[in-house]
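Participant: dropping a prediction and its sequence here:
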Amino acid sequence: MSKPVFLIGYMGSGKSTAGRKLARMLGYAFEDTDELIAAMTGKTIEEIFDNEGEDAFRTLEHSVIRSLTGRVNTVIATGGGAPCYFDNLSLMLRSGITVYIKLNPVSIVKRLSQSKTNRPLIKKTGQDQLLPWVTQHLEQRALFYEKAHIIFKGESPDLNELAGMIKSYRP
């Protein structure tokens with residue numbers, strides 16, 4: 001049995017997509033914290049942000065992360081801000097293997113611009129302001145992300161390589 005694998009990184013970095021594939025490769029279960037929150041509340045993430053605010057969402061997110069720390073053989077995709085609130089990052093670092101899927105701001109903006117997912121934090125940001133906003137926001141969050149056990153380049157990711165890194169990881 002192996003500790004849970006927490007995927008962290010900025011919104012649009014591919015945590016959910018890579019997480020599903022990685023879980024299959026490792027023979028693990030897969031969980032997505034945003035999907036669990038939506039299922040638990042019967043609301044979309046956007047609805048929670050719009051109607052109850054970011055603080056309410058972060059409280060729900062913290063509760064879900066706490067509930068997942070005891071899992072084994074599970075890949076968990078977290079929300080982009082998850083490591084930056086409460087003691088989420090220390091919970092993930094203590095209970096599992098954290099993987100930061102790292103992309104540069106230009107790659108992130110390209111992905112966000114092509115995404116069909118509604119992202120509450122950038123909803124009111126115009127396309128011309130997206131790169132400077134993401135660059136600044138990523139700089140703030142990188143202080144948390146960089147503490148991950150494994151930092152993995154997200155542009156053209158080799159998931160076989162990442163699976164090997166996870167299997168061989170020894171704290």
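Facilitator: Yep, that arrived.

Participant: burial of the nearest residue to Glu155 once chain neighbours are set aside, as a residue count?
Facilitator: The spatial neighbour of Glu155 that comes closest, neighbours along the chain excluded (CB to CB, 6 or more residues apart in numbering), is Ser107 at 5.4 Å. (Each C-beta comes from the backbone N, C-alpha and C, glycine too.) The local packing of Ser107 (other CB atoms under 10 Å) involves 19 other residues.

Participant: can you check the one 10 residues further on too?
Facilitator: Neighbours of Thr117 under the rule other CB under 10 Å: 11.

Participant: isn't there a helix covering it?
Facilitator: No - counting by DSSP: H, G, I helix; E, B strand; the rest coil, Thr117 is located in no helix; its state is coil.

Participant: got a list of what it touches?
Facilitator: For Thr117, no contacting residues are found, by CB atoms under 8 Å, 6 or more residues apart in numbering.

Participant: run through the strands of the protein in chain order.
Facilitator: 5-8, 29-32, 74-77, 97-102, 150-153 (DSSP state E).

Participant: to Cys84, which of those lies closest?
Facilitator: Closest to Cys84 of the strands of the chain, according to CB to CB: strand 5-8, at 9.4 Å.

Participant: contacts made by that closest one with the rest, please.
Facilitator: 15, 18-19, 22, 26, 28, 74-78, 82-83, 89, 92, 96-101, 144-145, 148, 166.
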